[in-house]
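Novice: model this:
(2 chains)
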Amino acid sequence: MAKVPLFPIGRAREAFLDGASFERNRTALGALDATLAERRAKIAAGWGAEYAERVHKKGKLTARERIELLKDADSRVFEVLAFVNHGRKFGKLESPAAGVVTAYVRVGGRWTMVIANDNTVASGSWWPLSPEKIERAQQMALRLRLPVIYLVDCSGLYLPEQSATFPARTGAGHIFKMNSLLSAAGVPQIAGVFGDCIAGGGYMPIISDRVYMTEQAYMVIAGAALIKGAKSLHLSSLDIGGPEVHVHQSACADVRVPDDETAIAMIRAEIERLPSSGAAYYRHGAQPAAPQQPNHELAGLFPTDHRMTYDADEVLARLVDRSLFWEFCPERGREMVVGVGRVNGLYMGLVANRQGVIDDPEHKGKKKPCGILYKEGIAKLAAFSRACNDDGIPLVWLQDISGFDIGVEAERLGLLGYGSSLIYSNSTNSVPMFTVLLRKASGAGYYALAGLPYEPVVQLSTVLARQSVMEGRTLAIAAYNTKLDDDFEILTQDPKERAEIEAGMRDTEARIEGDMSPYKSAAQMDTDELVSPLELRAWLELFAEASYQSIGYRRIKNPRIWSLHDAAALWEARG
Amino acid sequence: MFRRLLIANRGEVAVRVARACRDLGISPVGVASESDLGARWLGCMDDVVCLGPSASRESYLKMERVVQAALQQGCAALHPGWGFLSENPRFAALCEQHGVMFVGPPSSAMEVMGRKAPAKAAMRAAGVPVIPGSVGLLASVDEAVACARETGYPVILKADAGGGGRGMRKCFDEAQLRAAFVQASAEAESAFGSGALYLEKYLEGGRHIEVQVMADRFGACVHLGERECSVQRNHQKLVEESPSPVLDAPTRARIGGIAVRAAQSIGYVGAGTVEFLRADDGAIYFMEMNTRLQVEHGVSELVAGLDLVHLQLRVAANSRLAISQEDVKLSGSAVEVRINAEDPANGFRPSPGTLAAFDFPLDRGPGAIRVDTHMQAGDSVSPHYDSLIAKVIAHAPTRESAIETLLACLRHARVEGVATTLPLHLAVLDSREFRAGTYDTRSIPGWPASAR
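Specialist: Sure, this is the predicted structure:
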């Protein structure tokens, strides 16, 4: 029987978590969420109200105002890479969001990727990592075949930092290669040109299928300042490269509009001419439905101390439609819970690390800790990943993992090999994959569960996330190994030496802890966005809708003939 | 048409659905808790599956077991009856997921009508008149006060997750409202798990008028006239009749049209009932929609000459509704009483036991009598479930003769072994207010307030 056997999962919160712990977790998370909101607001303000005023005085809108006008009224904007360059200074200056807003925006019922230069930050110019950020957003759109909308208002490279943005393989030039690849893949690209678009900024819109220019917009390879004789002829950049030239003479742009608002309206109309979303078809008759166990309870499920446990099944219950789930191969590899659920009626594969302890399958009667990968768990993940790829079921990897099992038995069982099989599958999958770093994301575990190096379409980190090759304490132990005994206690009895070693280990641990901060990770583009656990459901809905919107470029098997059914038939206990 | 169907219910409704199945050549499969196993009325089923212990939440409400029973018994469809899982959207979705056709509306329609606030919002959007009050839930006591000022006192605060009359507070002025808001929210939080409140104009009394609708999967929908259910005790209906003595023909047509529009606007499928409040000044307001077949459906069946369960089954099998509104001819008058095994002389305490005699004469006239029951003499009334043991419905050309027919039957009925609400029904039917049709929800006609 090739049915998709979703069954109820999850219990009422009171059944597994007492009120006091719930409140404690919720309060702690509330503080982290408040910090997140504060920092987001600061980034959204660009270089501040004064700069926004300057933009308004010219009769223009800021980048974020353009996005507000562009989006469907009842939808939320999902910004990615907002924290790039967070905390980084260039001389005295900062570049909030690296001077460009990249976000999933719903327009006419279709998800699009919007790339909008922030004209309140150095006239929308490109800083170190701005090109990489734009390219990452373009890559997301290419992977999902989502239309890209460029809201161009870009004066080119921020020149004092040009050596870090011009020449590299991922420098500004690569943006135009991505434009080309998107076009070659048949992904619609539409550009609105709103202001000074110089050099790189001038090139940005040209490969797009439709280019709209406002009366204030100009596109030039070089501005009037660099043109000999421009001063004496009183030629401005607008004279050289405005709509008069590009719409009517050079045909480098298509349509001329009076202002920002009109440009946005026409871009909306353009998107509405595109094919409608395939998601309605791939719901297979189901309607979108909220999880049965209240999603907002996620706020109180996660202890902020990463060593304390929670029930991963209860997290899944609060993320999938109606809290209905098909756990794939539940008896094996119990350190992982994997299976299929619906999100807004669309099938998704989900993977999560159990926490706490489970029975050791190799040694009857013994237990072993979760948050670690063992042979069966790794094998289950690899089989599930391959099946979902075969079946075209988008995968969501929810990470809270310390790493692989280590030691004599782990090596003898060949975890290096099993892990590599999983890595191979994830590396060669074509189905969209999305990764969420819930809390711990350490070492080989971070890699095995499709961390960023394996190029998921999007990687999110919650405010609780900690990314590193190993935990701070473990690293300190590794660094000071020669000074420690079999139980990792300090060997020397000399009090002065002991104090030195203790201080050294503490410093090492502290530095690693600092490196693990999700804000640092996001600033360096080691993760795509920071979110609260309370936002996870909304993001999963985006991932689902965006994965099924464009069709024909990847396989989507109907559920009757999923490989998952074959695997389940072989792994299920007999009669 | 389905070959086999699981009836996920018990007692009178299970027997009713089984009968309809037989009419259409469908094999009915029943379910039973441990205490219901062996009940004589289960003999109408071709097979019976035991679901678990007596307590409903350990048997009849166990979603996975019910679906499992349907699959094991090879049932292509499932009828939930009323109560139990009949209005549980997750259960409906689970049935669909496992390839069992749920005889009822889509889970999305159940969800919209399942809570007061979204139901009101949907109705407002469809142009259906709703009781004036807050738009959606109240975010704060100040919002409540502002809303009350606009709506006009007296107002009533209601819990969004409440029902059956619980979690409501009448407020006659702002001071009362401010005090009540905090209390009502806290009570609702602890009783229903949600402290969300909304506010409505408080309309005292009024008449409870509900319209039976039937819709197919293709958007067609008809109404089968209204039922008046204003004779209630503690929000439980005692006597139902069709047509309502207080509606004239134009109003009947109008309210029927509103009900059809309401159902179509939410994509409703199957049998449903749209409940209205008719205020003392004649204004009609949407109250709620019951997204299931109802206990009193037989009243409409007699007046319309149609079998609602047959229609439910056909619609579930993706047939188009064979009748249009013009085809629905309402004739005569029908009155129903619900015979509960409760003792009116003892605060209506449930009265389980064995029926020594159980007979309702069908031939006392002048009109026709229909008795819907699962019981007969010798059967025991279970203490574990609701106390309804029979519905007795009279149908005659006029309201007066329908009442006479029902009285004649009940006066000569023999029910022995358990206490029942028979004396209450006799008093109501014989009372001046009931005969005149001038009763409302404020009091039980013919039954003194002190005796409730």
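
Novice: going along the chain, name the strands of the stretch 151-300 of chain B.
Specialist: Here the stretch 151-300 of chain B has its strands, by DSSP state E, counting those that start in this stretch, at B:155-159, B:168-171, B:197-201, B:207-215, B:221-233, B:236-242, B:270-278, B:284-290.

Novice: out of these, which is closest to B:G367?
Specialist: strand B:236-242 (12.8 Å; C-beta to C-beta). Any C-beta I mention is one placed from the backbone N, CA and C, and that applies to glycine too.

Novice: quick one, that closest one and strand B:221-233 angle?
Specialist: 130 degrees (axes from the mean of the first three to the mean of the last three C-alpha atoms, to 10 degrees).

Novice: find the nearest non-adjacent residue to B:H223, please.
Specialist: Nearest residue to B:H223, sequence neighbours excluded (C-beta to C-beta, 6 or more residues apart in numbering or on different chains): B:G256, at 4.0 Å.

Novice: residues near the one you found, how many?
Specialist: 23 (other C-beta atoms under 10 Å in any protein chain shown).

Novice: who's in contact with it?
Specialist: Neighbouring residues of B:G256 by C-beta atoms under 8 Å, 6 or more residues apart in numbering or on different chains: B:V211, B:H223, B:G225, B:E226.

Novice: sorry, back to before: tabulate the strands of the stretch 151-300 of chain B (a markdown table), appending mean pLDDT and distance to A:L157.
Specialist: A markdown table is the format used below for these (pLDDT from 0 to 100; distance: least, C-beta to C-beta, whole Å):
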| stretch | mean pLDDT | distance to A:L157 |
| --- | --- | --- |
| strand B:155-159 | 90 | 60 |
| strand B:168-171 | 88 | 66 |
| strand B:197-201 | 91 | 56 |
| strand B:207-215 | 97 | 63 |
| strand B:221-233 | 94 | 64 |
| strand B:236-242 | 93 | 77 |
| strand B:270-278 | 97 | 65 |
| strand B:284-290 | 95 | 62 |
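
Novice: verify the contact between A:R106 and A:I67 for me.
Specialist: No. Counting by C-beta atoms under 8 Å, A:R106 stays clear of A:I67, with 11.0 Å between them.

Novice: residues in contact with stretch B:266-273: which ones?
Specialist: The contact list for stretch B:266-273, computed with C-beta under 8 Å, 6+ apart, reads B:103-106, B:108-109, B:112-113, B:122, B:126, B:210-217, B:221, B:227, B:263, B:289-294, B:297, B:308, B:311-312, B:315-316.

Novice: ok, and the closest non-adjacent residue to the closest residue to chain B within the stretch 101-250 of chain A?
Specialist: Using C-beta to the nearest C-beta, the single residue of the stretch 101-250 of chain A nearest to chain B is A:G109, 18.1 Å away. Among residues not flanking A:G109 along the chain, A:S277 sits closest, at 6.2 Å (C-beta to C-beta, 6+ apart).

Novice: tell me who's in contact with residue 6.
Specialist: Chain wasn't specified; assuming chain A. Taking C-beta under 8 Å, 6+ apart, we find A:L6 in contact with A:L324, A:F325, A:W326, A:V340, A:G341, A:R342, B:L94, B:Q97.

Novice: hm, I was asking about chain B
Specialist: Counting by C-beta under 8 Å, 6+ apart, B:L6 has contacts B:29-31, B:49, B:66, B:69-70, B:73, B:75, B:77-79, B:100.

Novice: now swap in B:M45 and tell me
Specialist: Contacts of B:M45 (C-beta under 8 Å, 6+ apart): B:I7, B:A14, B:A18, B:P28, B:V29, B:G30.

Novice: mind redoing it with 10 Å?
Specialist: Contact partners of B:M45, counting by C-beta atoms under 10 Å, 6 or more residues apart in numbering or on different chains, are B:L6, B:I7, B:A14, B:V15, B:A18, B:C21, B:S27, B:P28, B:V29, B:G30, B:V31, B:A32.

Novice: of all these, which comes closest to B:G365?
Specialist: Looking across the contacts of B:M45 and measuring by C-beta to C-beta, the closest to B:G365 is B:V15, at 26.0 Å.

Novice: what residues of stretch B:236-245 count as buried?
Specialist: For stretch B:236-245, a neighbour-count test (16 or more other C-beta atoms under 10 Å in any protein chain shown) marks B:K237, B:L238, B:V239, B:E240, B:E241, B:S242, B:P243, B:S244, B:P245 as buried.
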